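Enquirer: Using only what follows, build the 3D model:
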Amino acid sequence: MAGAQVAQAYSPMKRTIVTAVIALVTAVTVIPASAAPSQAASPGFRDVTNHYQFYREISWMTDKGITTGYSGNWFRPEWEVSREAFAAFLYRLAGRPNVSLPSRSPFRDVPTNHQFYKEIVWLERQNITTGWSDGTFRPDLAIDRNAMAAFLYRFEGRPKFTAPSSSPFKDLRRSDPFYKEITWLRSSGITTGYSDGTFRPYASTSRAATAAFLFRGFGNSSYKAPAYVAPRSPWNSSLILNKARSQVGYREPSWRNNKFNDWIDGNSAWCQVFVAWVFYEAGYPEYVPREEYYDKDFFPSSVPSNHPSFVSRLQSAGVLDWNVSLSDLDPGDVVLINWGTGQGVSHAAIVHRVDGNGAWFYEGNTAAATGGSERGVYHRWRSLSVIDAVFSPQDYYDATH
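Expert: Sure thing, here's the model as predicted:
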């Protein structure tokens, strides 16, 4: 049976590999089942701007009502797609047909009150899947590229297709169970595989890649994505300060080896990386530059000539106030600090509150005020005399969007 073939494609070892992502997928693949068509990416997703590789495809997917993304104007393009979410995508792509729901579920792990019960029942009744031989559907499991190819081929009505005698992918053999479906996927222009000549049949599929697959297979080539309108979060500095405060006491395990550099995949000085991380985690991504390098003037030998820096981004946006007074320092603002060494600004910190002739800041890649040399995240008081510049993250967001 067709659906049973999908089940058989998972060996115990392969199930172990994909099971590692179940906890994450369970948390991230919940898409509102009653999504109504919207105006694509307007007002826009925070993490899918008009510069994103699959902006057009994701806009189409949103405009068709296949997904509305997540609350807070997030699309989460790199998150994996689960089997239940893909069932919902296909059901909506089909136009949300009427489904007579049975009182007894066709799968023992999909109860009748499951949020995607209707969509999964429809998938089974269309013979797009029959689940696994043990009677399960495994809704939370990340759908792999193998199964996605099979589902799309069956969704299209199992079109007549003669598979090529020679495999177009290095990791796909003619004897593989989904050879026909995968080569059909390629011949239809839905995928070309990876640049190294592989298809990677057991890899999971991201939401962005899924949008691309669906658009190439079922979208309108004349579709034009709307102009991007950036969403602006209602400003709440307490969210930023609370997130920064939660990191106080963190110590860098070794020289520039820390979770903040891991987040940006870098190994440079990380005061500005800490600032960007705080704003991202607080729900304000792109409100400060997200750059691995601080400034070319301060680290001229370490910053690639063609790579922007934290400070250069701010200068290009024109948001830096270089004539700082205490009245300019508001909670949640970001300052640039100058130690007076002749190298210019060399440190970034988040304003907490003004106190006396200075202010309290949350800082990463700094030492405790007690004189210790251990680097970490601290809550420190600084004199106004070392503050060279300040900017409002709201101003930076508006200037760059």
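
Enquirer: didn't Gly197 look like it was pressed against Lys170?
Expert: Yes. Contact criterion Cβ atoms under 8 Å: Gly197 and Lys170 qualify, at 4.5 Å. Quick note: C-beta positions are derived from backbone N, CA and C, even for glycine.

Enquirer: so Ala227 sits right up against Asn50, yeah?
Expert: Yes. Between Ala227 and Asn50 a contact is recorded at 7.3 Å, counting by Cβ under 8 Å.

Enquirer: Going by how many neighbours each has, rank those two and give me the top one.
Expert: Asn50 (15 against 10; other Cβ atoms under 10 Å).

Enquirer: give me the number of residues near the closest residue to Tyr70 other than its chain neighbours?
Expert: Closest residue in space to Tyr70, ignoring its immediate chain neighbours: Arg76 at 6.1 Å, by Cβ to Cβ, 6 or more residues apart in numbering. Arg76: 17 surrounding residues under other Cβ under 10 Å.

Enquirer: so how far is Ala208 from Arg76?
Expert: 9 Å (Cβ to Cβ, to the nearest Å).

Enquirer: and the residue most central in space within the chain, what does it touch?
Expert: When Cα atoms, centre = their mean is applied to the chain, the residue found nearest the centroid is Arg76 (3.8 Å). The contact partners of Arg76, by Cβ atoms under 8 Å, 6 or more residues apart in numbering, come to Val28, Asp47, Gly69, Tyr70, Arg207.

Enquirer: So of those, which two are at opposite extremes in space?
Expert: Maximum pairwise distance among those (Cβ to Cβ): 12.6 Å, between Val28 and Asp47.

Enquirer: ok, back up a step: how close does the residue nearest to Tyr70 sit to Pro289?
Expert: 22 Å.

Enquirer: ranges for the strands of this protein?
Expert: With strands called from DSSP state E, the chain shows them at 334-337, 347-355, 358-366, 376-383, 387-391.

Enquirer: Pull up the pairing partners for the third one, direction included.
Expert: Same thing as strand 358-366. strand 347-355 (antiparallel), strand 376-383 (antiparallel) (DSSP bridges).

Enquirer: Now do the longest one and strand 387-391, the angle between them.
Expert: When axes from the mean of the first three to the mean of the last three Cα atoms, to 10 degrees is applied, the directions of strand 347-355 and strand 387-391 differ by 90 degrees.

Enquirer: Run the chain-centre distance for strand 347-355.
Expert: 29 Å (Cα atoms, centre = their mean, to the nearest Å).

Enquirer: cool, the shortest one as well?
Expert: Averaging C-alpha coordinates over strand 376-383 and over its chain gives two centres that are 31 Å apart (Cα atoms, centre = their mean).

Enquirer: Now that strand: buried residues?
Expert: Neighbour-count burial for strand 376-383 flags Gly376, Val377, Tyr378, His379, Arg380, Arg382 (criterion: 16 or more other Cβ atoms under 10 Å).

Enquirer: give me every residue that touches the fifth one.
Expert: For Arg380, the set of contacting residues under the criterion of Cβ under 8 Å, 6+ apart consists of Ala349, Trp360, Phe361, Glu363, Thr366, Ala368, Ala369.

Enquirer: Let me know the pLDDT of it.
Expert: With respect to pLDDT, Arg380 scores 95.

Enquirer: Report the beta-bridge partner residues of it.
Expert: Phe361.

Enquirer: in the stretch 251-400 of the chain, which ranges drop under the pLDDT threshold?
Expert: In the predicted model, the stretch 251-400 of the chain carries pLDDT under 70 at residues 298-300, 303, 369-372.

Enquirer: mind redoing it with 80?
Expert: Across the stretch 251-400 of the chain, the ranges flagged by pLDDT under 80 are 296-306, 340-343, 368-373.

Enquirer: Over to the stretch 51-200 of the chain?
Expert: 72.

Enquirer: What segments of it are helices?
Expert: 55-63, 83-93, 117-125, 145-155, 179-187 (DSSP state H, counting those that start in this stretch).

Enquirer: For Phe218, give me the pLDDT.
Expert: As predicted, Phe218 sits at a pLDDT of 94.

Enquirer: hang on, the earlier thing: now the buried residues of strand 376-383 in CSV, with distance to Trp60?
Expert: Below are these laid out as CSV (distance: Cβ to Cβ, whole Å):
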residue, distance to Trp60
Gly376, 46
Val377, 42
Tyr378, 47
His379, 47
Arg380, 49
Arg382, 49
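
Enquirer: Widest-spaced pair of the residues you listed?
Expert: Gly376 and Arg382 (16.5 Å).

Enquirer: Contact partners for Leu326?
Expert: When contacts are counted by Cβ under 8 Å, 6+ apart, Leu326 is found next to Val354, Asn357, Gly358, Ala359, Leu384.

Enquirer: follow-up on the earlier one: which of the strands of the chain sits most buried?
Expert: Among those, strand 334-337 has the highest mean neighbour count (mean count of other Cβ atoms under 10 Å), at a mean of 25.

Enquirer: Point out the other helices and strands that it packs with.
Expert: strand 347-355, strand 387-391 (3 or more Cβ pairs under 8 Å, 6 or more residues apart in numbering; DSSP states H and E).

Enquirer: before we move on, back to that, now for the contacts of Arg76, which sits with the most neighbours around it?
Expert: Greatest neighbour count in the contacts of Arg76, by other Cβ under 10 Å, goes to Arg207: 25 neighbours.
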